[in-house]
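Enquirer: pasting a predicted model and its sequence here:
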Amino acid sequence: MGLLSRLRDALRREAVPALSMDDPSLVVVVEAFDIAEADSAALARSPRWRADEPAVLRHHVRIPAEQVERARELLEPDGWVVEPGEVSHISRVQKLDALHCAQERSRMASLAQRLGGDALGWDALQPAR
């Protein structure tokens, strides 16, 4: 990635309004748990998703308890927060679009497979209106 691309990306990130993952007003605005459904279709069918606002993208992943720390090591440098559980949640704040949702779904599926688990799907949360 060139210097100009990194600078452009940094400027875009600064323009995204702050959103906290622990904001009590967050509600699920879109869900994608059907492997056969395209992420673009999941976003398109949601009347509550606001494309121009940031969201918390939350992946639901089953990974063995002994692999949670490894997942955290791999994901935290990119801003992901890993919450362990029977079904772990891997979340971060970002603007959603079909391309990035598809890329991240693929990334989580690959990670889960490498760690002996399974990626179940994702949902997105935004503040209630």
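Expert: On my side now, so go ahead.
Enquirer: can we go C-alpha only for contacts and neighbour counts from here?
Expert: Fine.
Enquirer: looking at the chain, which helix or strand is least sure?
Expert: helix 3-15 (a mean of 63; mean pLDDT, DSSP states H and E).
Enquirer: residue ranges of the strands in this protein, please?
Expert: 26-32, 54-62, 81-83, 88-95, 118-127 (DSSP state E).
Enquirer: will you turn the ones you listed into JSON lines that also has mean pLDDT and mean neighbour count?
Expert: Formatted as JSON lines, those follow (pLDDT from 0 to 100; neighbours: other CA atoms under 10 Å):
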{"stretch": "strand 26-32", "mean pLDDT": "97", "mean neighbour count": "19"}
{"stretch": "strand 54-62", "mean pLDDT": "97", "mean neighbour count": "24"}
{"stretch": "strand 81-83", "mean pLDDT": "97", "mean neighbour count": "17"}
{"stretch": "strand 88-95", "mean pLDDT": "96", "mean neighbour count": "20"}
{"stretch": "strand 118-127", "mean pLDDT": "97", "mean neighbour count": "21"}
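Enquirer: residue 55 contacts residue 96, correct?
Expert: Yes: look at residue 55 against residue 96 with CA atoms under 8 Å: they come within range, at 6.7 Å.
Enquirer: related to what we said a few turns ago, between the strands of the chain, which one is nearest to residue 70?
Expert: Closest of the strands of the chain to residue 70 is strand 81-83, at 10.3 Å (criterion: CA to CA).
Enquirer: just checking, what packs against the longest helix along the chain?
Expert: Longest helix of the chain, by residue count under DSSP state H: helix 98-114. Helices and strands touching helix 98-114, by 3 or more CA pairs under 8 Å, 6 or more residues apart in numbering; DSSP states H and E, are helix 39-44, strand 54-62, strand 118-127.
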